[in-house]
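Q: Fold the following.
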Amino acid sequence: MAFKASGLEDIIEPLRIHLGDTGPTYSYTDELLHGALRSSVNALMNRWYRKYFVDNDGVVQRNPTASYDFSNPPVIQRQDERAIVLQASIMIKGGQKFSNVDNAISWKDDEISYSAIEAAKQRSSTLADDQSELDIILPARKKLARPVSERLYGWNTP
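A: Residues are numbered from 1 along each chain as shown. Alright, predicted model coming up:
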């Protein structure tokens, strides 16, 4: 591994398994997966109220004002790992969806027919499955704050 330690090294293997990258030769490098995991922590910051953040050196750290079930180490709590893996998977699959759009073709001649459209639909389906699981585990926030309306004492409305 040529990347710098950041607290995400233990999650690379679960991400690789989730993506189905388990063959004798890997489709994704550890550096790419590590970068996707770092980006997913940044993407999820608003969903878990800035529980974790990535500093300028790319190291994941805990927010000192947030509450945690367990102390360090590890930096990331086990129950939060799945959300990070799902978000990284969504980022990787989303990028593949647009880079492989030319492969979703079909053709037919007198003897043979070929269709990659169903495979493209399957890839889109797994992307949607990841998004729906992430929404269940860590729902997106709908509002920033609840408005409160009270009377202003000393102010008379005309």
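Q: where's the residue positioned nearest the centre of the chain relative to Glu111, distance?
A: The chain has Gln87 as the residue nearest its centroid, 1.0 Å off, counting by CA atoms, centre = their mean. Distance, Gln87 to Glu111, by CB to CB, to the nearest Å: 45 Å. In this view, the C-beta of every residue, glycine as well, is placed from N, C-alpha and C.
Q: that older thread, which residues does the nearest residue to the residue nearest to the centre of the chain once chain neighbours are set aside contact?
A: Spatial nearest neighbour of Gln87, chain neighbours left out: Ser40 (3.6 Å); criterion: CB to CB, 6 or more residues apart in numbering. Residues near Ser40 by CB atoms under 8 Å, 6 or more residues apart in numbering: Ile84, Val85, Gln87, Ala88, Ile90, Met91.
Q: For the host helix or strand of Ser40, list the C-alpha coordinates in CSV.
A: According to DSSP states H and E, Ser40 maps onto helix 30-44. The C-alpha trace of helix 30-44 is given here as CSV (Å, rounded to 0.1, in the frame of the first residue of the first chain):
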residue,chain,number,x,y,z
ASP,A,30,-5.9,-0.1,-3.0
GLU,A,31,-5.2,3.6,-3.7
LEU,A,32,-8.4,4.1,-5.7
LEU,A,33,-10.5,2.4,-3.0
HIS,A,34,-8.7,4.4,-0.2
GLY,A,35,-9.5,7.6,-2.1
ALA,A,36,-13.1,6.6,-2.5
LEU,A,37,-13.4,5.9,1.2
ARG,A,38,-11.9,9.3,2.1
SER,A,39,-14.3,11.0,-0.3
SER,A,40,-17.2,9.1,1.2
VAL,A,41,-16.4,10.3,4.7
ASN,A,42,-16.5,13.9,3.3
ALA,A,43,-19.8,13.1,1.5
LEU,A,44,-21.4,11.7,4.6
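Q: Any buried residues in that helix, and which?
A: Leu33, His34, Gly35, Ala36, Leu37, Arg38, Ser40, Val41, Leu44 (16 or more other CB atoms under 10 Å).
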